[in-house]
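[1] Let's see this in three dimensions:
(2 chains)
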Amino acid sequence: MTDIVFPAMSQDKADAEGVVATWFVADGETVAEGQLVAEVAMDKVDMEVTAPVAGVITLAAAEGDAVRQGGVIASIT
Amino acid sequence: MTATMPQTGSRRLSTAKAMVEAISQEMERDESVFVLGEDVGAYGGIFSSTTGLLDRFGPTRVLDTPISETAFIGLAIGAAVEGMRPIVELMFVDFMGVCLDQIYNHMAKIHYESGGNVSVPLVLTTAVGGGYSDGAQHSQCLWGTFAHLPGMKVVAPSTPYDAKGLMTAAIRDPGPVIYMFHKGVMGLAWMAKNQRSIGAVPEESYEIEIGKANVVREGSDVTVVTVSLSVHHALDVAEQLAGEGISCEVIDLRSIVPLDRAAIRASVAKTGRLVVVDEDYASFGLSGEVIASVVEHDPTALKAAPVRVAVPDVPIPYARELEYAVLPTPARITEAIREVMHP
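    Presented below is the predicted three-dimensional model:
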């Protein structure tokens, strides 16, 4: 199992919090390596999140949820 | 136009990303395509309409311009008549006032004035629409204004699939096309978004024919003709009213010019009732034109008086409560449909 974590978007605050803005995939969907799966946002900056490996994705956060950087937002098995 | 539309596949994109993908694929395919405008480079467009293009194609094909719309739109027109295919962004449609001479006296008329000898293959992209408290000078749609002035096509996608196909068609079109993207359909992280702003988009290139409306929901009681973000609202309302036994047919015009009058008439011939939902101003615009398309053709086509849900003829307010009082909200659309069902 490979976790997908909220990317490190703040260099000043290790525990900075952001929001999962958009899921481009549904829970339980099969994803390809490198596929765009989500967009996250912190302080009005947004960033794309891609699948690090291929597999079936399980979402661990809903759109609009606040997550600390480094926190798990999904996993791929 | 492609004979068969590609299957959507399972890959989903936001409308903004679908737009960028179309531009990117056309830039790959055709060296004469280039992008210019305010903040289209490093910033990637303030509504993400050009994100990543500078990194991919470099500063000779993605040009950040000074804040001088007359100059850079004029530049694009000049490039187009010399055989380039510029995509020029007017950051907000509300700013058209400072560059309208270039648009409607030059871009739109050169083809006619030259007896058809000179073409202007240009796409003018521009952000439209309100709903996020940006005030009277940053919230208008104004497609009716461009549509009123002859010589340009005017398109306004509502979904990622249509955004890509219409952009590809607009770039390949031999004449000027105004491509109006509502900020509320772009699927931006920082703006309230409807789930319909994220959708399946084929990876390959394809065109959606400009001038063809899309029946996005079939129904038998009432025809709802609309475009852009209001399509999302109309579909939400249609789903709601289906539970009460009201069957709504929703038509996404996709193009304002050419207007698919045949599709409107065909639907109204079936339902006999018409609601037009338009985020532009009510008077002298698209909503009246849609109704005229029906009644000029067949004065007996309607069982009830048509109803328009549009912005009353006032500037868009800044205050959220007042802004939502003038926008074509789902509540207003619902009320209009009930009105035509029970006049």
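[2] what does chain B put close to chain A?
    Selection of chain B residues close to chain A by C-beta under 8 Å from any C-beta of the partner chain yields B:10, B:11, B:12, B:13, B:14, B:17, B:187, B:188, B:189, B:190, B:193, B:198. Glycine gets a C-beta too; all of them are placed from N, C-alpha and C.
[3] Next, count neighbours for the closest residue to chain A within the stretch 1-150 of chain B.
    At 4.5 Å from chain A, residue B:12 is the closest residue in the stretch 1-150 of chain B, using C-beta to the nearest C-beta. Neighbourhood size, residue B:12 [other C-beta atoms under 10 Å in any protein chain shown]: 23.
[4] Output the contacting helices and strands for the helix or strand bottoming out on mean pLDDT in chain A.
    Within chain A, no helix or strand scores below strand A:45-50, which has a mean of 91 by mean pLDDT, DSSP states H and E. Contact here means 3 or more C-beta pairs under 8 Å, 6 or more residues apart in numbering or on different chains; DSSP states H and E; on that basis strand A:45-50 packs against strand A:36-42.
[5] Tell me the buried residues in the strand it packs on?
    The neighbour-count check on strand A:36-42 (16 or more other C-beta atoms under 10 Å in any protein chain shown) flags A:36, A:37, A:38, A:39, A:40, A:41, A:42 as buried.
[6] model confidence over it, on average?
    In this model, strand A:36-42 has an average pLDDT of 94.
[7] Quickly check: that strand near chain B or not.
    Yes: between strand A:36-42 and chain B, judged by C-beta under 8 Å from any C-beta, the touching residues are A:36, A:39, A:40, A:41.
[8] For chain B, state which of the residues you listed is nearest.
    Taking the residues of strand A:36-42 next to chain B together and measuring to chain B by C-beta to the nearest C-beta, the closest member is residue A:41, at 4.2 Å.
[9] Excluding chain neighbours, give the residue nearest to that closest one in space.
    residue B:189 (4.2 Å; C-beta to C-beta, 6 or more residues apart in numbering or on different chains).
[10] Next, count neighbours for that neighbour.
    Residue B:189: 25 neighbours (other C-beta under 10 Å).
[11] swap in residue B:98?
    Residue B:98: 13 neighbours (other C-beta under 10 Å).
[12] and it, what does it touch?
    B:69, B:70 (C-beta atoms under 8 Å, 6 or more residues apart in numbering or on different chains).
[13] Need phi/psi at it.
    Backbone torsions of residue B:98, given as degrees, to the nearest 10, read phi -80, psi -10.
[14] mind listing what the residue nearest to residue B:150 when sequence neighbours are not counted touches?
    Leaving aside its sequence neighbours, residue B:150 sits nearest to residue B:108 (C-beta to C-beta, 6+ apart; 6.8 Å). For residue B:108, the contacting residues are B:149, B:150, B:151, B:152, B:176, by C-beta under 8 Å, 6+ apart.
[15] Against residue B:259, how distant is residue B:108?
    17 Å (C-beta to C-beta, to the nearest Å).
[16] For residue 51, report the pLDDT, please.
    No chain in the question, so chain A it is. 95.
[17] wait, chain B
    95.
[18] Point me to the residue of the stretch 51-200 of chain B nearest chain A.
    residue B:189 (3.4 Å).
[19] where does that residue land in three-state SS?
    coil (DSSP: H, G, I helix; E, B strand; the rest coil).
[20] dump the residue contacts of the closest residue in space to residue B:141 that isn't next to it in sequence.
    Using C-beta to C-beta, 6+ apart and skipping the chain neighbours, the partner closest in space to residue B:141 is residue B:280 (4.2 Å). By C-beta under 8 Å, 6+ apart, the contact set of residue B:280 is B:140, B:141, B:142, B:143, B:144, B:286, B:287, B:310, B:311.
[21] Name the SS class of residue B:280, please.
    strand.
[22] Would you mind measuring from it to residue B:101?
    Residue B:280 is 22 Å from residue B:101, by C-beta to C-beta.
[23] What strand or helix carries the residue of chain A at minimum distance from chain B?
    Among the residues of chain A, residue A:21 lies nearest to chain B; the distance is 3.4 Å by C-beta to the nearest C-beta. Element membership of residue A:21, judged by DSSP states H and E, is strand A:17-23.
[24] That strand packs against which elements?
    strand A:36-42, strand A:66-68.
[25] now what about that strand, what contacts it?
    Counting by C-beta under 8 Å, 6+ apart, residues outside strand A:17-23 touching it are A:6, A:9, A:37-43, A:46, A:59, A:61-69, A:73, B:14, B:187, B:189-190, B:193, B:198.
[26] what is the orientation angle of that strand with strand A:36-42?
    Computed by axes from the mean of the first three to the mean of the last three C-alpha atoms, to 10 degrees, the angle separating strand A:17-23 from strand A:36-42 equals 150 degrees.
[27] Can I get strand A:17-23 in CSV, CA atoms only?
    Presented in CSV, the C-alpha positions along strand A:17-23 are these (Å, rounded to 0.1, in the frame of the first residue of the first chain):
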residue,chain,number,x,y,z
GLU,A,17,-2.8,23.2,7.0
GLY,A,18,-4.4,23.2,3.6
VAL,A,19,-7.6,22.0,1.9
VAL,A,20,-8.3,19.1,-0.4
ALA,A,21,-10.0,21.2,-3.1
THR,A,22,-10.9,18.7,-5.8
TRP,A,23,-10.8,15.0,-6.3
